[in-house]
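# Any chance you could fold what I've pasted below:
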Amino acid sequence: MHIFTPKTFNIAKLKGISEQTIEDHLKLYAGYVKNTNLILQKIEELSVDSEKNAYELAEVQRRFGFEYDGMRNHEIYFEALSNGAHSPSPDEKLYQEIEKTWGSFDKWLARFKTIAMSRGIGWAILYLDKKEKFLLNAYVEDHQMGQLAGCTPILCLDMWEHAYIADYQPGGKKDYVDDFFINLNWEVAEENFKNA
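The predicted structure is shown next:
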């Protein structure tokens, strides 16, 4: 059985997002990694007699998507906040593809921020549809409900309250989204796009 280990991230002091929030958030991420491993172990155990354990196996399997996607979404999020802020450049391929898709980088950014401001918990995600070679924005509830099949996440913005409420209070969601882009290391998004 494959065992996942929590990744480490080089996150310096951020504008608006406190070190305490990042520390608490990383503990939550470690919990997703731990639970992903526990569920995979439980699936192995229950699969020994899958007919007898069919109901329990199905329920554990459903939970797997939540924990696994929580782990992966957080890795993309934290990687994008690592190694210092780096602004996007019109010379970069992802930037150019965004302009081709939405007409301008600013139009895409405005749309992405609007998605992030949706009511409720979840993620604003920029995807690459690898089959069509096309960029898409999406709002994903929880971690797994709304993930786009066949698409690779390029940029993930965590919109669960734990990501911002301690630093921004309930009315500061917009400031958190703005600060995320100030703190963003765009090179990570570019690398994700290149690797997709």
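# got the buried residues for stretch 38-55?
39-40, 42-43, 46, 53 (16 or more other Cβ atoms under 10 Å). Yep, even glycine has a C-beta here, placed from its N, CA and C like the rest.
# Low-confidence regions, this protein specifically.
The chain contains no residues with pLDDT under 70.
# Give me the neighbour count for Glu187.
Glu187 is flanked by 19 other residues according to other Cβ atoms under 10 Å.
# Look up how far Gly84 lies from it.
Distance of Glu187 to Gly84, computed by Cβ to Cβ, to the nearest Å: 10 Å.
# Can you pick out the most distant pair from the buried residues of stretch 38-55?
Farthest pair in those (Cβ to Cβ) is Leu40 and Asn53. Separation: 15.0 Å.
# Was I right to think Thr21 contacts Trp160?
No - in this structure, Thr21 is not within contact of Trp160 by Cβ atoms under 8 Å, at 11.8 Å.
# Got phi/psi on Ser118?
phi -60, psi 150 (degrees, to the nearest 10).
# Could I get the contacting residues of it?
124, 139, 159 (Cβ atoms under 8 Å, 6 or more residues apart in numbering).
# pretty sure the first one is in a strand, no?
This means Ala124. Yes - Ala124 forms part of a strand when assessed by DSSP: H, G, I helix; E, B strand; the rest coil.
# about what we covered before: where do the contact lists of Thr21 and Trp160 overlap?
Joint contacts of Thr21 and Trp160 (Cβ under 8 Å, 6+ apart) do not exist.
# Helix, strand or coil: sort out Leu128 for me.
From three-state DSSP, the assignment for Leu128 is strand.
# That one: neighbour count?
22.
# Distance check, the residue at the greatest distance from the centre of the chain against Arg62.
Residue farthest from the centre of the chain, counting by Cα atoms, centre = their mean, is Lys52 at 36.0 Å. Here the criterion is Cβ to Cβ. By it, Lys52 lies 18 Å from Arg62.
# Please list all residues in contact with Ala80.
Going by Cβ under 8 Å, 6+ apart, the list of residues near Ala80 reads 155-156, 184-185, 188-189.
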